[in-house]
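>>> fold the following, please.
(2 chains)
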Amino acid sequence: MNEDYDVIVVGAGFGGPVAAHRCASAGLKTLMLERSITPGDKVISGLAIPFYGFMYAPSFIRDGNPPLQRPIRQVINNFIKDGEIYATDTSLWLPPPLALTYTAYCVPMCVWLADRAVEAGADLRTRTTAVDLVMEKGKVTGVVTDKGDTIRAKVVIDAAGTQDGLALKAGLRKKLPIDTLELYMLWDFDMSKQDVDSTIGNKVEFFCAMPDEKIVAPVGFGSTFYIFTYRESIHPGLGQFIVTEDKVESVARHLEEYFEKFTTTVSRWRDDIAPKVKLRAKMFDVCPIYAGLDRSVREMPIHGDGMMIIGDAAAMESAAFGDGVPNAWFSAAIAGDVAVEAVKAGDTSAEFLRRYDERVKAHGVIGASLSDTRRYDMRWALPGNDEREMRRRAHELFGRGVWRYRHITGQVVREATSLLSHEPGVAAKWLKMFNRYNRNCETGYSDTLSTYE
Amino acid sequence: MSMTYQEFPGVEWIEGAGDFIKVNAKKCDGCGNCIRVCLAKCYKMSGKKAHVDNLERCMECGACWYSCLPDAIQFSWPPGGTGFRTMWG
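Residues are numbered from 1 along each chain as shown, chains lettered A, B, ... in the order given. The predicted model follows:
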């Protein structure tokens, strides 16, 4: 079967539907290909999307009603020694109706986004893996699916996520360097809303310890153990860098051992939380937490002849700031706009698509969250095995110190100022947004989402 | 048909995924990185070479592929609608 589209978007995760929505809304014949059965059912993420992701997202998200779980208003940093919490840092918080971040499950969020793109006129084909690109004289002119179909398009937008192979096939990108990656485990525990409210509330708890504790992946070796609260569940995660001191660690064994020790030793879990929860799911994935800080990754192209690469597929994930989804949304919107301009101009060459690259680089939040070297880096806490340094660093990212990170807070403020002067009434829309999200998290989500079974 | 495993509640595997990860024995230097990073216990060593023992619990994270410095591991997505899936990610 041979077909023609203006645009093919590979992947209906978080970024893909935003690009497809943009293209379809402008009248382009748009196809989304998704390898899973239901959008989002192959996405593993301890998902929390920062408030500014929504504020600066395309208006269909900002003014819409996405299926969120809980607003997180405070970070509790717990520091562990000899198996118990000996200090906390609770200095980072925002008052209602604001929230630092919103938790969500990937399936309903991705389905909600894909539904909006389909509503705008995009076609969605699930259970379809794009296995190869069609190339003519070095230019991408379509994709080949696992069913053997060749589908042609003027532009291909690669939104295939972290382990994407299409950009490698196009010769544009390389496998990410191993020292930028973290392996993480994720659990989902059923817990009544009342128990979540009274035990943790609208907060995230982090647990930090020095390496010799061997209780959480130690600071310097990975991200801390964290517990995000959802509406009627909690979502703990534990990550560790794959490479430590130039060696590939036995990460798989460590993660299992740390979780076992944490849950049986630390009374905050053993006595306060464990009696009220029931394990529902256990998952794992790789995340390129420091890809943005790696020069070779930053220099990899994000566009080519007939192709643009967005979100995680372009390593735009900054897990330290929880910016994977915002960066996917922002880059997808830019790619969608550029695809529309390119198709209308009848020019989808690399030369024309360069404006995608330029606009992404000019986007303050993407740039600041990814590549600013002043950014908090867990790896800094390692040298000298310095406990005070660990606590200072935790304060810098997950405490009030984050507000001093002007490269990111400055960009967030700058973006807000710019929107306030360009878009009349945006402040009222933001206020409505915060209130609408809070109401949904409190009362439960009632909009209908498509089913794909 | 789908499978579930006690070690990973809340996750199911849809059949038909096939051999989407392969090891090129000629390139494998036997370093064992793939075994150290795989939470699904997909790999085994024999005769100082790693091989894929089974992909039954694979969640397609790519840790083995990234960790394989001699590039002996070929990683691709399984066919559409197959492989792991979860409602709780």
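>>> where does the prediction get shaky in the chain?
No chain was given, so I picked chain A. A:1-2, A:217-223, A:319-320, A:371-384 (pLDDT under 70).
>>> can you name the residue of it nearest chain B?
A:Ala281 (2.4 Å; C-beta to the nearest C-beta). No exception for glycine: its C-beta is placed from N, CA and C like everyone else's.
>>> what about that residue, how many neighbours?
20 (other C-beta atoms under 10 Å in any protein chain shown).
>>> which ones are touching it?
A:186-188, B:8-11, B:86-88 (C-beta atoms under 8 Å, 6 or more residues apart in numbering or on different chains).
>>> that's a strand at it, yeah?
Yes. Applying DSSP: H, G, I helix; E, B strand; the rest coil, one finds A:Ala281 inside a strand.
>>> for the closest residue to A:Val338 other than its chain neighbours, give me its contacts.
Distances taken as C-beta to C-beta, 6 or more residues apart in numbering or on different chains place A:Tyr356 nearest to A:Val338, at 4.3 Å, with adjacent residues excluded. Shown in contact with A:Tyr356 (C-beta under 8 Å, 6+ apart): A:302-303, A:308, A:334-335, A:338.
>>> would you check how far apart the residue of chain B found nearest chain A and B:Lys41 are?
Using C-beta to the nearest C-beta, the closest approach of chain B to chain A is made by B:Gly10 at 2.4 Å. From B:Gly10 across to B:Lys41, the span is 18 Å (C-beta to C-beta, to the nearest Å).
>>> hang on, the earlier thing: not counting sequence-adjacent ones, nearest residue to the residue of chain A closest to chain B?
B:Gly10 (2.4 Å).
>>> burial count for the one you found?
B:Gly10: 16 surrounding residues under other C-beta under 10 Å.
>>> same check on A:Asp271?
9.
>>> tell me how far it lies from B:Lys41.
32 Å.
>>> go on, A:Thr443?
43 Å.
>>> quick one: which of the two has more around it?
B:Lys41 (14 against 9).
>>> surely the more buried one is in a helix?
No. Assigned with three-state DSSP, B:Lys41 falls outside any helix and is coil.
>>> from what I see, it and B:Arg57 are in contact.
Yes. Applying C-beta atoms under 8 Å as the test, B:Lys41 and B:Arg57 come out as touching, 6.9 Å apart.
>>> quick one: the strands in the stretch 51-200 of chain A?
A:70-72, A:74-81, A:84-93, A:101-103, A:123-125, A:130-136, A:139-145, A:150-158, A:182-190 (DSSP state E, counting those that start in this stretch).
>>> please read the previous query as pertaining to chain B.
B:2-3, B:11-14, B:21-23, B:43-46, B:49-52, B:73-75, B:83-86 (DSSP state E).
>>> most tightly packed of these?
strand B:83-86 (a mean of 24; mean count of other C-beta atoms under 10 Å in any protein chain shown).
>>> that one close to chain A?
Yes. Interface with chain A: strand B:83-86 contributes B:83-86 (C-beta under 8 Å from any C-beta of the partner chain).
>>> pLDDT wise, what is the residue of chain B closest to chain A at?
According to the prediction, B:Gly10 has pLDDT 98.
>>> follow-up on the earlier one: hmm, A:Arg280 and the residue nearest to A:Ala281 touching each other?
Yes. Taking contacts as C-beta under 8 Å, B:Gly10 lies within contact range of A:Arg280: 5.2 Å.
>>> give me the common contacts of those two.
In contact with both B:Gly10 and A:Arg280: A:188, B:88, using C-beta under 8 Å, 6+ apart.
>>> now do the same end-to-end measure for stretch A:283-293.
Stretch A:283-293 has an end-to-end distance of 27 Å (criterion: C-alpha to C-alpha, to the nearest Å).
>>> cool, stretch A:43-51 as well?
Rule used - C-alpha to C-alpha; the end-to-end distance of stretch A:43-51 is 21 Å.
>>> so how far is that stretch from its chain's centroid?
5 Å (C-alpha atoms, centre = their mean, to the nearest Å).
>>> equivalent analysis for stretch A:265-281, please.
Between the centre of stretch A:265-281 and the centre of its host chain there is 27 Å, according to C-alpha atoms, centre = their mean.
>>> mind listing what's buried along that stretch?
Across stretch A:265-281, burial judged by 16 or more other C-beta atoms under 10 Å in any protein chain shown covers A:266, A:268-269, A:273, A:276-277, A:280-281.
>>> need the CA coordinates for it. CSV is fine.
Extracted in CSV, the C-alpha atoms of stretch A:265-281 (Å, rounded to 0.1, in the frame of the first residue of the first chain):
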residue,chain,number,x,y,z
THR,A,265,14.7,0.0,57.2
VAL,A,266,13.5,3.6,56.9
SER,A,267,10.6,4.1,59.3
ARG,A,268,9.0,6.8,57.2
TRP,A,269,8.2,4.0,54.7
ARG,A,270,8.0,1.0,56.9
ASP,A,271,5.6,2.5,59.6
ASP,A,272,3.9,5.5,57.9
ILE,A,273,3.4,4.4,54.4
ALA,A,274,3.8,0.6,53.9
PRO,A,275,0.7,-0.4,56.0
LYS,A,276,-1.5,1.8,53.8
VAL,A,277,-0.4,0.8,50.3
LYS,A,278,-0.7,-2.1,47.9
LEU,A,279,1.9,-2.7,45.1
ARG,A,280,0.2,-2.3,41.7
ALA,A,281,3.0,-2.0,39.2
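>>> list the contacts for the closest residue to A:Asp164 other than its chain neighbours?
Closest residue to A:Asp164 apart from its sequence neighbours, by C-beta to C-beta, 6+ apart: A:Ala313 at 4.0 Å. Applying C-beta under 8 Å, 6+ apart, we find A:Ala313 in contact with A:11, A:158-162, A:164, A:166-167.
>>> you'd agree A:Ala313 is in a helix?
Yes. Under three-state DSSP, A:Ala313 sits within a helix.
>>> ok so, going back, distance of the residue of chain B closest to chain A relative to B:Gly18?
Counting by C-beta to C-beta, the gap from B:Gly10 to B:Gly18 is 24 Å.
>>> nothing else from me, thank you.
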